[in-house]
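**Student:** Let's see this in three dimensions:
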Amino acid sequence: MDRNGILDSLLHGVFALDFIQAIRINKIPLLELARTPFALNLGVLGVAVVYFCRQQDVRAGLIALSLACLLVMTGLIFTTLLLAACVLVFVLARVLQRWALHRGGAGLPLLAGWVVVNAFYAPLFFTILPTFEGFMTVGELVLFWGPAFVVFRSLHYIHLASKSRVDLYEPGAFVRFVHFIVHFPSFWFGPYQKFKQFSGEVDSCKERQTVGNQLRGWLRILIGVAKFLVVFHLFNLDHFYPNGYFGPFADALFANAGTADPGHLWLMLYLFMLRIMIFISALSDGVIGMNLLMGIRVPENSNWPLFSRDILEFWRRWHIQAGVFLREEVFFPVGGLRKARLGFFCVFAYSGFWHFPSLSAALAFPVLQIVLIELTTGWHAFWKRHEARGDRIHAIGRRYRLYNSWPSAIAGMVFVFHTNVFSVVFIHDHFFGGGLILPRMFGF
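**Tutor:** Residues are numbered from 1 along each chain as shown. Below is the predicted model of the structure:
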């Protein structure tokens, strides 16, 4: 490796090495294989940190490990910018806390915090690291390098600060915040965890580093690895890679949809949705397992969303902790149940923006979800109303198992899955928003 190669790896991480970019395994670029991360990463070394450190030194040890892992994987530039972002958010939290105390309310300061954080977040979607030109896709830096969950954690912390629910001037406050942001086992893909919950777990993690938790942690990691093997072999190797659909968002699938066979598009979108579901579930298993090895408990993040019988149940089962964030940081602040339609729209609009700032993600996606929620609540209300009356319609529904039965449950699962196939298009078709693929799927 020459001098320039060493410099590139220091600045941009291990994947900047020329020989890494040149390596092919069965004609598949190594960088492409690395995009499907395993349920085990360098953060698992935190097990040794917790074991050998005194409890009062564990946090500092885990921060040092996390920064070392970030330097190795992402390089000096990314890690430096991340630490600068930590300083910016912490200072912003202090300013907003004082402003909120002066005003006697947190509404306007919290809104300002959201604007500032997301103003820095949005441009990152269109940033492709120069040394990865041709190897990374638009949006990959944000969703696959950690900034997406940095934003969630930062906004949550600003919310706590604006409402004086966290002491920003206590000894070690900044260190606690930095660890909350950079903790490497869950840095890249979450799941989101509340600051006080996470901090409390770290403060007492050594007492939970037991043999039982070690066994449970390794079991969750193995389950996650098994799921990733399914994704890799049954989805990527057999379907995505042979068709030239590389990258986490399979850009070529959407870009070339105008001339593709409709049956092929339906199949690939089914697989695309299943791949995402298994991917998130496998990541959650790995993160929960790695943290459990350290005595840090992480909330569950996936509960078999494929078996959801309606759209409301799906959002309770899918990306559970992201749902917690959106409920507490978006839904309730804009009015909660008093303004449910507005709350749901804002939740799904921000969720779409968080995935990619396009019109289809921030407008078409929430509109679709609002329509589905209205149809679902109306459907349930219809049958409950006739059930209370005990009338003929209720009798017909029971006779033909149209409601609250296993046939209706299966029909609901099929319907929910297909609606989420369309949701995926609106969010992950970054440049066309479904404008090419959806008409072609129906033969136009």
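**Student:** Go ahead and flag the most central residue of this structure.
**Tutor:** Note on the chain: the residue nearest the mean C-alpha position is residue 189, at 5.6 Å, using Cα atoms, centre = their mean.
**Student:** Contacts only, for that one.
**Tutor:** Applying Cβ atoms under 8 Å, 6 or more residues apart in numbering, one finds that residue 189 lies in contact with 37, 144, 146, 149, 283, 287. C-betas here are computed from N, CA, C, even on glycine.
**Student:** Format the residues you listed as TSV; extra columns: secondary structure and distance to residue 311.
**Tutor:** Shown next, in TSV, are the contacts of residue 189 (DSSP: H, G, I helix; E, B strand; the rest coil; distance: Cβ to Cβ, whole Å):
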residue	secondary structure	distance to residue 311
37	coil	29
144	helix	27
146	coil	29
149	helix	24
283	helix	23
287	helix	26
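**Student:** Which of those residues sits closest to residue 264?
**Tutor:** Using Cβ to Cβ, residue 144 comes nearest to residue 264 of the contacts of residue 189, at 25.9 Å.
**Student:** Against residue 239, how distant is the nearest residue to that closest one once chain neighbours are set aside?
**Tutor:** Excluding the flanking residues, the one nearest residue 144 by Cβ to Cβ, 6 or more residues apart in numbering is residue 248, at 5.9 Å. According to Cβ to Cβ, to the nearest Å, residue 248 stands 15 Å off from residue 239.
**Student:** circling back: can I take it that the residue nearest to residue 144 is in a strand?
**Tutor:** No. Going by DSSP: H, G, I helix; E, B strand; the rest coil, the assignment for residue 248 is coil, not a strand.
**Student:** what's around it, how many residues?
**Tutor:** Look at residue 248: counted by other Cβ atoms under 10 Å, it has 19 neighbours.
**Student:** What of residue 394?
**Tutor:** Residues contacting residue 394 under the criterion other Cβ under 10 Å number 18.
**Student:** ok, now residue 41?
**Tutor:** For residue 41, using other Cβ under 10 Å, the count is 19.
**Student:** residue contacts, it?
**Tutor:** Residue 41 makes contact with 69, 184-185, 188, 286, 290, according to Cβ under 8 Å, 6+ apart.
**Student:** Phi and psi next, for it.
**Tutor:** Backbone torsions of residue 41, given as degrees, to the nearest 10, read phi -130, psi -180.
**Student:** how close does it get to residue 233?
**Tutor:** 21 Å.
**Student:** ditto for residue 264
**Tutor:** For residue 264, the distance to residue 233 - Cβ to Cβ - is 20 Å.
**Student:** quick one: which of these two has more around it?
**Tutor:** Of the pair residue 264 and residue 233, residue 264 is the one with more neighbours under other Cβ under 10 Å, namely 15 against 10.
**Student:** And the more buried one, how close does it get to residue 97?
**Tutor:** Applying Cβ to Cβ, the value for residue 264 to residue 97 is 54 Å.
**Student:** what about the strands in the chain?
**Tutor:** Under the criterion DSSP state E, strands of the chain are mapped to 24-25, 28-29.
**Student:** which residues of this protein score low on pLDDT?
**Tutor:** Scanning the chain for pLDDT under 70 picks out 1-6, 8, 15-22, 25-37, 130-135.
**Student:** what's the longest helix in it?
**Tutor:** Ordering each helix of the chain by length in residues (DSSP state H) puts helix 55-103 first.
**Student:** any idea how far that one is from the chain center?
**Tutor:** Centre-to-centre, helix 55-103 and its host chain are 20 Å apart (Cα atoms, centre = their mean, to the nearest Å).
**Student:** Can you pull the domain assignment for the protein?
**Tutor:** 3-210, 303-444 (automatic domain parsing).
**Student:** Which one of those lies nearest to residue 256?
**Tutor:** Residue 256 lies closest, by Cβ to Cβ, to one member of the domains of the chain: domain 303-444, at 8.4 Å.
**Student:** Next, the distance between the ends of that closest one.
**Tutor:** End-to-end distance for domain 303-444: 37 Å, by Cα to Cα, to the nearest Å.
**Student:** how far does that domain sit from the chain's center?
**Tutor:** On Cα atoms, centre = their mean, the centre of domain 303-444 falls 18 Å from the chain's centre.
**Student:** contacting residues for residue 114?
**Tutor:** Residue 114 touches 155, 158, counting by Cβ under 8 Å, 6+ apart.
**Student:** Need the max-distance pair from the contacts of residue 41.
**Tutor:** 69 and 286 (14.6 Å).
**Student:** higher neighbour count, those two?
**Tutor:** Set residue 69 next to residue 286 and count neighbours by other Cβ under 10 Å: residue 286 wins out with 29 against 21.
**Student:** Quick check: closest non-adjacent residue to that one.
**Tutor:** Once flanking residues are discounted, residue 286 sits nearest to residue 39: 2.6 Å by Cβ to Cβ, 6+ apart.
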